[in-house]
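1. sequence-free structure coming up:
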């Protein structure tokens, strides 16, 4: 690990400031998550700027620490290899890609049950009233022909905001594995060096398993696995393209 680069240092500071600031706002009775977390587009809390600001919000000190630790460990190496502008392009593209895939997965859970409610005779206005009652009271009605599991999947997609820099950082971490596939890495709890391509590739596969099955091997149950995969996919595509086209000769300064 060499000297931390200015861009990575700035990102670390912004994330910490957002975390402290959001806590301060909550103490003042202001719903920081309602403003800056990424809400489902059908939710009244959704605002377009949340596609960016959710990358700087975190669900707790543990969430913040592990994301910032990964950025600290891998970010400077990638910035030194790419240059500041390309690094930022990679970082934020991965973050937006993470949001896109996570929202797509949420719509996949939301739309089928929403359509079932419409088939039961509810109008779009009545569905808006359904969700408004859910927001205000936490209560909802299940109609005949709609299972509890289906209703909960729709409600979870509608009600659960997305926070964290994980998607953007996954793009950076996967880029590291592409650029330095055979570099040995050692985890704190696994004292045996493992090549980057195997360690990072294995983690991505565990995220894929969790996203498909709903069973997390590592991390809490509410982990946004599809966001991780979206960030990893965008990061891989970008760095693979740049590596193939000799990015070192075309740095953006």
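-> Structure's in. What do you need? Because the structure is predicted, anything quoted here is derived from the model rather than measured.

2. okay, CA-based contacts and neighbour counts for the rest of this
-> Will do.

3. now the helix or strand residue 69 falls within: buried residues?
-> Following DSSP states H and E, one finds residue 69 within helix 61-82. For helix 61-82, a neighbour-count test (16 or more other Cα atoms under 10 Å) marks 63-64, 67-68, 71-79, 81-82 as buried.

4. likewise for stretch 191-209?
-> Within stretch 191-209, judged by 16+ other Cα under 10 Å, the buried ones are 194, 195, 196, 197, 199, 200, 201, 204, 206, 207, 208.

5. starting at the chain centroid, how far to it?
-> In terms of Cα atoms, centre = their mean, to the nearest Å, the centre of stretch 191-209 is found 18 Å from the chain centre.

6. what's the neighbour count on the nearest residue to residue 192 once chain neighbours are set aside?
-> In space, and not counting its chain neighbours, residue 192 is closest to residue 186: 6.0 Å by Cα to Cα, 6 or more residues apart in numbering. For residue 186, the neighbour count with other Cα atoms under 10 Å is 13.

7. ditto for residue 220
-> Neighbour count for residue 220, taken as other Cα under 10 Å: 10.

8. where exactly do the helices run in this protein?
-> 6-27, 32-36, 50-53, 61-82, 84-119, 124-137, 148-159, 166-179, 196-213, 225-244 (DSSP state H).

9. now these in a markdown table, with mean pLDDT and distance to residue 43?
-> As requested, the helices of the chain are arranged in a markdown table below (pLDDT from 0 to 100; distance: least, Cα to Cα, whole Å):
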| stretch | mean pLDDT | distance to residue 43 |
| --- | --- | --- |
| helix 6-27 | 95 | 20 |
| helix 32-36 | 95 | 10 |
| helix 50-53 | 97 | 12 |
| helix 61-82 | 94 | 24 |
| helix 84-119 | 96 | 12 |
| helix 124-137 | 93 | 8 |
| helix 148-159 | 93 | 6 |
| helix 166-179 | 96 | 22 |
| helix 196-213 | 91 | 23 |
| helix 225-244 | 94 | 19 |
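
10. among those, show me which one is buried the most.
-> helix 166-179 (a mean of 27; mean count of other Cα atoms under 10 Å).

11. now for the helix holding residue 69, which elements pack on it?
-> Using 3 or more Cα pairs under 8 Å, 6 or more residues apart in numbering; DSSP states H and E, the elements in contact with helix 61-82 are helix 6-27, helix 84-119, helix 166-179.

12. what about 10 Å?
-> Applying 3 or more Cα pairs under 10 Å, 6 or more residues apart in numbering; DSSP states H and E, we find helix 61-82 packed against helix 6-27, helix 84-119, helix 166-179, helix 225-244.

13. cool, thanks, signing off.
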